[in-house]
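Build the 3D model from these lines:
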Amino acid sequence: MSGILAYLVACLLYGLIGWHFWRTRWNVPAPSASDGIIAPGWERFAILAPLVLHGYTLYQSVFSGAGLNFGVGSAVSSIVWLTAMIYWLSGFFYRLEGLQTLIAPVAAVAVLLPLAFPSLRPLANTELPAFKAHISIAMLAYSLLTIAALHALLMAVVERRLHHPAMPTVLSNLPPLLAMEKVLFRVIWVGFILLTLTLISGIVFSEEVFGQPLKFTHKSLFGIISWGVFAALLMGRQLYGWRGRIAIRWTLVGFVLLLLAYLGSKFVLEVILRR
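Residues are numbered from 1 along each chain as shown. I've put the predicted structure just below:
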């Protein structure tokens, strides 16, 4: 019972934080330059409480028995938790208040997913260092590229509202689009490097455990296509100066393909086929 309570409290806290930022940052008109909104100090640390509870629930669900119970619910919840954690740490260096409104409601739902979609069986070979490295790198890659997708969505909203007479406070307080674009590509570069290592470690893991090359499955196909999309985006940025809507669209396409690569296959196998 106490375990379920932790899930519910974390969900409630995420929801309250999302509501607070929607009410005070998003769904209000922009202030005049003389108003000078200063965010209360507690806001920067408010999300830390649900983050700790969320991490505790993940530990309980993933390490509840022998091996790793890493079903689709725990996988999505872990990615969202890492995304929120990376965002919170990045908030000390960048002005990313707008993402608080987007991440908190998503995290409120994600924290409950291990309850709704429990793991059917522990993952095999979880004691091997290659597997642990592969999982860790993959989760970080997915989390960073999730941040890139959320950042791209926020940029799209800002771009559409640029000529609006009254922008919400959260949009008017964000950095200029060019500065946000630089942050976007920094995140994509790091995520792309980790995604490359994920694909390489997947090949190494397959060779070490099964003694045969990585099989060409739905998961590997979409993973490689997603890698190709992000590679093309970064190359287009370097060679042709891609930016703005082109960068946003390519980022979102690459992210959707990445979701289909891992979470799509797990959802079909575990939720639909119950295997």
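
now the closest residue to G18 other than its chain neighbours: how far from G3?
Spatially, and ignoring its direct neighbours in sequence, G18 is nearest to A104 (3.3 Å; Cβ to Cβ, 6 or more residues apart in numbering). Every residue, glycine included, has its C-beta placed from N, CA and C. Distance from A104 to G3, counting by Cβ to Cβ, to the nearest Å: 22 Å.

Neighbour count: those two, which is higher?
Neighbours were counted for A104 and for G3 using other Cβ atoms under 10 Å; A104 has more, 23 against 12.

In what element of secondary structure is that one found?
Per DSSP states H and E: A104 is located in helix 97-110.

What of A49?
Using DSSP H and E, A49 maps to helix 48-62.

which other helices and strands contact that helix?
In terms of contacts (3 or more Cβ pairs under 8 Å, 6 or more residues apart in numbering; DSSP states H and E), helix 48-62 is packed against helix 2-21, helix 72-90, helix 113-116.

among the ones you listed, which is nearest L195?
If you check each of those against L195 by Cβ to Cβ, helix 72-90 wins as the nearest, at 13.0 Å.

how many other residues sit next to the closest residue in space to A141 that isn't next to it in sequence?
With Cβ to Cβ, 6+ apart as the criterion, A141 has its nearest non-adjacent residue at 3.7 Å, and that residue is L194. By other Cβ under 10 Å, 19 other residues sit near L194.

what does the one 5 residues further on give?
Taking other Cβ under 10 Å as the neighbour definition, L199 ends up with a count of 20.

list the contacts for it?
223-224, 227 (Cβ atoms under 8 Å, 6 or more residues apart in numbering).

can you pull the contacts of the residue nearest the centre of the chain?
Nearest to the mean C-alpha position of the chain, by Cα atoms, centre = their mean, lies T146 at 3.3 Å. Residues in contact with T146 (Cβ under 8 Å, 6+ apart) are 79-80, 83, 255.

Now the one helix or strand L144 maps to: buried residues?
Using DSSP H and E, L144 sits within helix 129-161. Within helix 129-161, the residues that count as buried by 16 or more other Cβ atoms under 10 Å are 130-131, 134-135, 137-158.

That one: how far from the chain's middle?
On the basis of Cα atoms, centre = their mean, to the nearest Å, helix 129-161 sits 4 Å off its chain's mean C-alpha point.

how many degrees apart are that helix and helix 72-90 in direction?
Inter-element angle recorded for helix 129-161 and helix 72-90: 60 degrees (by axes from the mean of the first three to the mean of the last three Cα atoms, to 10 degrees).

pLDDT of helix 129-161, averaged?
Averaged across helix 129-161, pLDDT comes to 84.

relative to helix 97-110, how tilted is it?
Using the same axes, to 10 degrees, helix 129-161 lies at 130 degrees relative to helix 97-110.

how many neighbours does M85 have?
Neighbours of M85 (other Cβ under 10 Å): 16.

er, L178 actually
Neighbours of L178 (other Cβ under 10 Å): 9.

what does the model give it for pLDDT?
84.

Enumerate every residue touching it.
By Cβ under 8 Å, 6+ apart, L178 has no neighbours at all.

Using the three-state scheme, assign it.
helix (DSSP: H, G, I helix; E, B strand; the rest coil).

could you measure it against V52, distance?
From L178 to V52 the distance is 36 Å (Cβ to Cβ).

How about V76?
Relative to V52, and taking Cβ to Cβ, V76 is found at 19 Å.

Looking at these two, which is more packed in?
The residue with more neighbours, out of V76 and V52, is V76; 22 against 12, by other Cβ under 10 Å.

Burial check on the closest residue in space to the more buried one that isn't next to it in sequence, number of neighbours?
Among residues not flanking V76 along the chain, L113 sits closest, at 5.3 Å (Cβ to Cβ, 6+ apart). When neighbours are defined as other Cβ under 10 Å, L113 has 20 of them.

What of L162?
By other Cβ under 10 Å, the residues close to L162 number 9.
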